[in-house]
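A.B. asks: Build the 3D model from these lines:
(one chain, ligands or ions: 1)
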Amino acid sequence: MTTKIAVAHGDGIGPEIMEVTLAALRAVGAPLELVPVEMGASVYARGERTGMTSEARDTVERLGILLKGPMETPKGGGVKSINVTARKLWNTYANKRVFRTLRGVDSVASRGRHPIELTLIRENIEDTYGAVEHMQTHDVAQCRRFITRPGSEQVHRYAFEVALRKGARRVTCVHKANIMKLTDGLFLKTFYEVAADYPTLVADDLIVDDVAMRLVMTPEAFDVVVLPNLQGDILSDLAAGLVGGLGYAPAANIGDHVQIFEAVHGTAPDIVGKDLANPTALLLSASMMLRHLGLLDCASHLENAIETTLLAMRRCPDLGVPPPPIRATRYRELLVAAIEQTKPTEARESQRERMGVSLRTELGRTQPRVMVSPKSGREEIVGVDLFVESSDPPDVLARHLAELSSSALRMTMISNRGTQVWPTGSAFTDCVNHYRVRFEADGPRTAPELLQLAATVSERARLCSLEMLLRVDGERAFSLAQGQ
Ligand code: NAD
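C.D. replies: The predicted structure follows:
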């Protein structure tokens, strides 16, 4: 039985590396039917701002699997990256990257004799990648960071499922919950809630800066790692550096309905048409796709042949290093020959995912679904943070707003860039023209009451934005200012 998959060749070196990859898929006899879809530069050029045709979108939604080459985002004009759009549009909530020391690749890990088989799973939708940004004053930009319970639960559950399939012992949650107690705190709390469903696996957590050091010193100690989006973005490039560079970094974007397999690197415009493109990352992404589809023999056959090829060539041009004259066409010849000469059983099978994680697919969905976890918390509004523009020093601003403070809604604190500057503070705290003025009530208040207060404040200072303060089940659900 053949599986239909959508294939987008991509821009820049995309078609060159896709050609090698499709030749390899044919050579290992993968039972796939390839359906080409049009995405990327040519579509943008026709004025389609999403970078994909409606036919491409329908095909991917119908087939559920997309193998894609890197795609270029036109500069300027507020056009969004098609790569990010595709991940978000189809809710591919987990970005999985597998980093493995490959025989034949000279890398930090191989030189240090640290064999690595690390799976890094990065949350792919939320965090600052929502890119919900606003200028608050002419001096102050803000990016809202969303971490949600349903979103965290999806990525954690996927990480544990991957660990089970891989035969891993341990899943590590990486975070910065010591500083961002509510956002990363929720990511971490959800991790341990999901971990309870996987008693055979060890679940632990580490702070992201600590992990950055440990990944360099003892990368072999990690197995499956799950992280929020931005931290995952940074650490996954660090991990790529350990195994030889982005040219060896494959990726899968996993959603319940659509899965996208692509190399981590971009379109490499500087080497297009020079026969210098390293196809390894896209080949390894294709092999992740084969594993995901349960085509394990084909996957191991391909992986084995990739290593044979790399050994034969000794070293492919690594990213950022002046490339030796390795030809992508030569790579293809060696790879196809290696596939013909090797057998799947010869592949190094230890510690690799033995089957894809089975995902729910919902064909024929007509509306986005709204994910809400069972509500357990009693939410009460107990105050408001008003963000105002002012060039006055804190005590002047406080005097200006003091008469709005009442026994029902007390002005309790003013902070600047997160540090308390009133009622106490330091003369050495430099401020910008954007203050947070906190009003708190002793008991629950209604939103209209607080909006009324905001309207009154806005008559005295320019209101930039506001945030309601909540108590959930009697617990404070907002952060204190530094020094409060
Ligand atoms: P890039 O990854 O394309 O290139 C960085 C450097 O790595 C360049 O020197 C390039 O020659 C080299 N390189 C990249 N892939 C290589 C390969 N397979 N073999 C040999 N050398 C390789 O990053 P960039 O220059 O920042 O981005 C170029 C374009 O790619 C931009 O339009 C960007 O938006 C896009 N991009 C797309 C994706 C994606 O499709 N997922 C990811 C990143 C960047």
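
A.B. asks: residues in contact with stretch 476-484?
C.D. replies: 181-182, 379, 385, 413, 415, 418-420, 424-425, 436, 438, 467, 469-471 (Cβ atoms under 8 Å, 6 or more residues apart in numbering). All C-beta atoms are positioned from the backbone trio N, CA, C, and that covers glycine.

A.B. asks: Pick out the residue of the stretch 101-250 of the chain closest to the ligand.
C.D. replies: Here the residue of the stretch 101-250 of the chain nearest the ligand is residue 247; by Cβ to the nearest ligand atom that distance is 4.6 Å.

A.B. asks: so that residue makes contact with residue 278?
C.D. replies: Yes - between residue 247 and residue 278 there is a contact at 4.1 Å, judged by Cβ atoms under 8 Å.

A.B. asks: The two: which is more packed in?
C.D. replies: Between residue 247 and residue 278, counted using other Cβ atoms under 10 Å, the more crowded position is residue 278 (30 against 27).

A.B. asks: correct me, but the more buried one touches residue 328?
C.D. replies: Yes - Residue 278 lies in contact with residue 328 (Cβ under 8 Å); the separation is 7.3 Å.

A.B. asks: Need the overlap of contacts for those two.
C.D. replies: Residues touching both residue 278 and residue 328 (Cβ under 8 Å, 6+ apart): residue 17.

A.B. asks: show me where the stretch 151-300 of the chain has helices.
C.D. replies: 183-195, 208-217, 229-243, 280-292, 296-313 (DSSP state H, counting those that start in this stretch).

A.B. asks: Output the ones you listed as JSON lines; include the columns mean pLDDT.
C.D. replies: Listed next are the helices of the stretch 151-300 of the chain as JSON lines, based on pLDDT from 0 to 100:
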{"stretch": "helix 183-195", "mean pLDDT": "97"}
{"stretch": "helix 208-217", "mean pLDDT": "96"}
{"stretch": "helix 229-243", "mean pLDDT": "94"}
{"stretch": "helix 280-292", "mean pLDDT": "95"}
{"stretch": "helix 296-313", "mean pLDDT": "90"}
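
A.B. asks: Tell me which of those helices sits most buried.
C.D. replies: Among the helices of the stretch 151-300 of the chain, helix 280-292 has the highest mean neighbour count (mean count of other Cβ atoms under 10 Å), at a mean of 26.

A.B. asks: Pull the distance from that helix to the chain's centre.
C.D. replies: Using Cα atoms, centre = their mean, to the nearest Å, the mean C-alpha position of helix 280-292 is found 19 Å from that of the whole chain.

A.B. asks: Extract the C-alpha set from that helix and format it as PDB.
C.D. replies: Taking Å, rounded to 0.1, in the frame of the first residue of the first chain, the C-alpha atoms of helix 280-292 are listed here in PDB:
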ATOM      1  CA  THR A 280      22.100  15.500   4.700                       C
ATOM      2  CA  ALA A 281      19.600  17.500   6.800                       C
ATOM      3  CA  LEU A 282      16.800  17.000   4.300                       C
ATOM      4  CA  LEU A 283      17.700  13.400   3.900                       C
ATOM      5  CA  LEU A 284      17.500  12.800   7.600                       C
ATOM      6  CA  SER A 285      14.200  14.700   7.800                       C
ATOM      7  CA  ALA A 286      12.900  12.300   5.100                       C
ATOM      8  CA  SER A 287      14.100   9.500   7.300                       C
ATOM      9  CA  MET A 288      12.200  10.900  10.300                       C
ATOM     10  CA  MET A 289       9.200  11.000   8.000                       C
ATOM     11  CA  LEU A 290       9.700   7.300   7.100                       C
ATOM     12  CA  ARG A 291       9.900   6.400  10.800                       C
ATOM     13  CA  HIS A 292       6.800   8.400  11.500                       C
END
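
A.B. asks: that older thread, right, and the helices of the stretch 151-300 of the chain - which one's nearest residue 407?
C.D. replies: Smallest distance to residue 407 across the helices of the stretch 151-300 of the chain (Cβ to Cβ): 32.3 Å, for helix 183-195.

A.B. asks: now what about that closest one, what contacts it?
C.D. replies: Residues from elsewhere that reach helix 183-195 (Cβ under 8 Å, 6+ apart): 123, 145-149, 152-153, 156-157, 160, 171, 173, 175-177, 201, 203, 205, 226, 228.

A.B. asks: Which members of those are classed as buried?
C.D. replies: The neighbour count (16 or more other Cβ atoms under 10 Å) marks 123, 145, 147-148, 152-153, 156-157, 160, 171, 173, 175-177, 201, 203, 205, 226, 228 as buried among those.

A.B. asks: quick one: which of the residues you listed sit in strands?
C.D. replies: 123, 145, 171, 173, 175, 203, 205, 226 (DSSP state E).

A.B. asks: Leaving out chain neighbours, which residue sits closest to the fifth one?
C.D. replies: This means residue 175. residue 184 (4.2 Å; Cβ to Cβ, 6 or more residues apart in numbering).
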